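Novice: My questions concern the predicted model and sequence given below.
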Amino acid sequence: MEELQRDFLGEVTFLLEQCEESYLRLENPELREEELGKIFRMAHSMKGTGAAVGFTDLAEFAHKVEDCLTVLRNNTALVSTEVVTLLLRCGDAFKVRIEQLKRKDQAPWNVAALEAEVQAILRKLQGGEAPAPEVAVEAAEELHPDSISNDAAWEALATQAHVGILKVVPAATSVSAPGPASASPSSAAVAATGSTIKREVLKIDSERVESVLNLVGELVVLKSQLINKCAGADPQLNQLVSLVDKTIRELQDKTLSMRVTPLKSLFLKTQRVVRDLALKLGKPVEFVMEGEDTEIDRGMVDALADPLMHLARNSLDHGIENAAGRSSAAKPDKGMIYLRAYQRGGRILIELSDDGKGLQRERILSKALERGIVSAAAAQEMSDRQVQALIFAAGFSTAEQVTDVSGRGVGMDVVKTQVEKLKGSIDIESVPGVGTLIRLSLPMTTSILDGMLVKLGDEPFILPMENIRELVDLDESQIVEVVTGKSAWRHRDRLYPVVDMQNGFRSGRLGRPKLVAIVDGGGREVALLLSAVAGQSQVVLKSLDDRLRACRGVSGAAILGDGKVALVLDTAGISQAASEESTVCRADAGRSGVAA
């Protein structure tokens, strides 16, 4: 029974995630019939199977929700904002109980007040009549044998079958569209799809996946050492090493694919936050998602939840105007919030934008001066980009009064810190009166990196391949001064801001730069002056300790094939530091600052 309960909890968790989208789509009249069917099947499954495995409180509450859904399915016009909000709260209550059961938490699940609200809504929908009886054909929960792999679990289910809670159907039978009685299950499947493809899904503990990933990381390090040792050796040995290199790369790609997951669940959570807050603030908005199927490291999805929620709340609270403000600005009554994700090179970009009032330079500077974040002299010299970046300062807020949504000056600085912990960067673009766009740039994975081994003086560094646009021999005659103290490199009728990496990192043994690397510095291409390129290398990223974590321009460290430690460059941080004319980091600081 315990194994069956564990399988049930895992399946219901997945169903609840799917239903979150269905709840929100109920507000579109054209989709209600289909989405109500999905939600009804989830509640019906939770009621029947939940009772079978002993979770009676879950089953009883699901039964009450199911009664409400039955009425709504019969008349989709009854769906309202009030009903959708209640269904979302019921979904939240289900999630709370599921997590309690997973932890074997014995604390009581008190949903009496919510049950009363469900019953009140039900009476309102029915006009005071008793709940309609369930359709006979749907009175029993259908459970396929393929979903049960334990004999003891089958015995537990058999004890429940006689009460009509469960109905066992053959594994190959199509429940949604049964064929003629004379047709065999397999032939019906072939007729429907043209072929039969059976895919087996395995549920694996995440700790085991992490163990495999760690071992693959060690293989990558050993491979680099092997390639270094075999340089210039026997040709046959080099050919064998090349095959080992290729095999380990394929193994790495397959292993990393086990960790990636679509951003859809994160986007749906953001949509829910926007909907609830819009109702609370009385600001009608339309939320548009794009690229929710973009995949990213599973651990990063959880880590991004709070930052993205906060950005969405800020966009709605500070960005989108109220009805009077939008009317005076000649904007549509309904505001727009866009959430978009896409891949560029080896990075994932997530953009949250709105058509609100944008960031006001004078208001930001006024608050920054009031809170002592900048001095009056420094404020006069700041560019618009630097002023906009002040919203990420600790303690900064433009809210006139403190509310439960904003005003305490805690949040945007935490967002930036969290994104940087993920080896990402955050950028902001805003036009007063038009709107604001906040862009997060994140690596697809935080474990293994393809990089170019470059040198600044005699010190080795890793430049991520995904950020490199071009490598060119340096012709100093192409470097021109554009403003006082600022240089640019002219290449193919374009000017690129120049970053002298040796001076930026204060390398102890400087040499004359010989190469230029054009890199993507967080949406802004810059020219990095380098001493030499030593080759390409695949490395395992190591985290930095507290002494280096605050260094801009460095995202991690790696152990090279010869055993040396090289810092991994963060081109977005370098570009930003260069624009502010600040030092990036000392090249020798990382020799003792790498965390194991």
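Specialist: Thanks, I have it. Numbers count the residues shown, from 1 in each chain.

Novice: Now do the same contact list for the closest residue to Glu420 other than its chain neighbours.
Specialist: Nearest residue to Glu420, sequence neighbours excluded (C-beta to C-beta, 6 or more residues apart in numbering): Ile426, at 7.8 Å. Glycine gets a C-beta too; all of them are placed from N, C-alpha and C. By C-beta atoms under 8 Å, 6 or more residues apart in numbering, the residues touching Ile426 are 392, 415-416, 419-420, 438-441.

Novice: Just the ones of the residues you listed in helices?
Specialist: Counting by DSSP state H, those place 415-416, 419-420 in helices.

Novice: Quick one: buried ones out of the residues you listed?
Specialist: Among the ones in helices among the contacts of Ile426, those buried by neighbour count (16 or more other C-beta atoms under 10 Å) are 415-416, 419-420.

Novice: Pick the one among the residues you listed closest to Leu72.
Specialist: Val415 (38.1 Å; C-beta to C-beta).

Novice: that older thread, could the ones in helices among the contacts of Ile426 go into CSV alongside pLDDT and distance to Arg490?
Specialist: Shown next, in CSV, are the ones in helices among the contacts of Ile426 (pLDDT from 0 to 100; distance: C-beta to C-beta, whole Å):
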residue, pLDDT, distance to Arg490
Val415, 87, 37
Lys416, 85, 34
Val419, 86, 34
Glu420, 79, 33
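
Novice: Export the residues you listed as CSV, with columns for distance to Val374.
Specialist: Output for the ones in helices among the contacts of Ile426, formatted as CSV (distance: C-beta to C-beta, whole Å):
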residue, distance to Val374
Val415, 20
Lys416, 17
Val419, 22
Glu420, 21
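
Novice: tell me the secondary structure for Trp489?
Specialist: strand (DSSP: H, G, I helix; E, B strand; the rest coil).

Novice: From Gly573, how far out is it?
Specialist: Distance, Trp489 to Gly573, using C-beta to C-beta, to the nearest Å: 20 Å.

Novice: Test my guess that Trp109 contacts Glu99.
Specialist: No. In this structure Trp109 lies outside contact range of Glu99 using C-beta atoms under 8 Å: 10.5 Å.

Novice: quick one, what contacts Ile337?
Specialist: Per C-beta under 8 Å, 6+ apart, neighbours of Ile337: 274, 285-288, 312, 315-316, 320, 352-354.

Novice: Next, the buried residues of the helix or strand hosting it.
Specialist: Ile337 belongs to strand 335-344 when elements are defined using DSSP states H and E. By 16+ other C-beta under 10 Å, the buried positions in strand 335-344 come out as 335-341.

Novice: would you put the C-alpha positions of it in PDB?
Specialist: Once non-C-alpha atoms are left out, strand 335-344 reads as follows in PDB (Å, rounded to 0.1, in the frame of the first residue of the first chain):
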ATOM      1  CA  GLY A 335      -2.500  46.700 -19.500                       C
ATOM      2  CA  MET A 336      -0.100  44.200 -21.100                       C
ATOM      3  CA  ILE A 337       2.500  42.000 -19.400                       C
ATOM      4  CA  TYR A 338       4.700  39.800 -21.600                       C
ATOM      5  CA  LEU A 339       6.800  36.900 -20.400                       C
ATOM      6  CA  ARG A 340       9.100  35.500 -23.000                       C
ATOM      7  CA  ALA A 341      11.900  32.900 -23.100                       C
ATOM      8  CA  TYR A 342      14.300  31.900 -25.800                       C
ATOM      9  CA  GLN A 343      17.700  30.400 -26.400                       C
ATOM     10  CA  ARG A 344      20.700  32.400 -27.700                       C
END
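
Novice: I'd like the average pLDDT over it.
Specialist: Mean per-residue pLDDT for strand 335-344: 91.

Novice: in its sheet, what does it sit against?
Specialist: Paired strands of strand 335-344, with direction, are strand 285-290 (parallel), strand 347-354 (antiparallel) (DSSP bridges).

Novice: one step back: quick one, which of Trp109 and Glu99 is more surrounded?
Specialist: Remark: of Trp109 and Glu99, Trp109 carries more neighbours, 15 against 12, as counted by other C-beta atoms under 10 Å.

Novice: Quickly note the distance from the more buried one to Glu470.
Specialist: 60 Å.

Novice: again, but for Gly299
Specialist: 33 Å.

Novice: Count residues in the vicinity of Gln225, would you?
Specialist: Gln225: 15 neighbours (other C-beta under 10 Å).

Novice: residue contacts, it?
Specialist: Counted by C-beta under 8 Å, 6+ apart, Gln225 has contacts 561-563.

Novice: Of these, grab the buried ones for PyMOL.
Specialist: To isolate the buried members of those in PyMOL, using 16+ other C-beta under 10 Å:
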select buried, resi 561
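
Novice: thinking again about what came up before, and Gly299 and Glu470? which has more neighbours close in?
Specialist: The neighbour comparison of Gly299 against Glu470 (other C-beta under 10 Å) goes to Gly299, with 16 against 13.

Novice: where does that one land on pLDDT?
Specialist: 80.

Novice: my read is it is in a helix, agree?
Specialist: Yes. Using three-state DSSP, the assignment for Gly299 is a helix.

Novice: ranges for the strands of the stretch 351-500 of the chain?
Specialist: 425-431, 435-443, 448-456, 459-464, 468-473, 479-483, 486-491, 494-500 (DSSP state E, counting those that start in this stretch).

Novice: between the last one and strand 486-491, how big is the angle?
Specialist: Here the directions of strand 494-500 and strand 486-491 differ by 130 degrees (axes from the mean of the first three to the mean of the last three C-alpha atoms, to 10 degrees).
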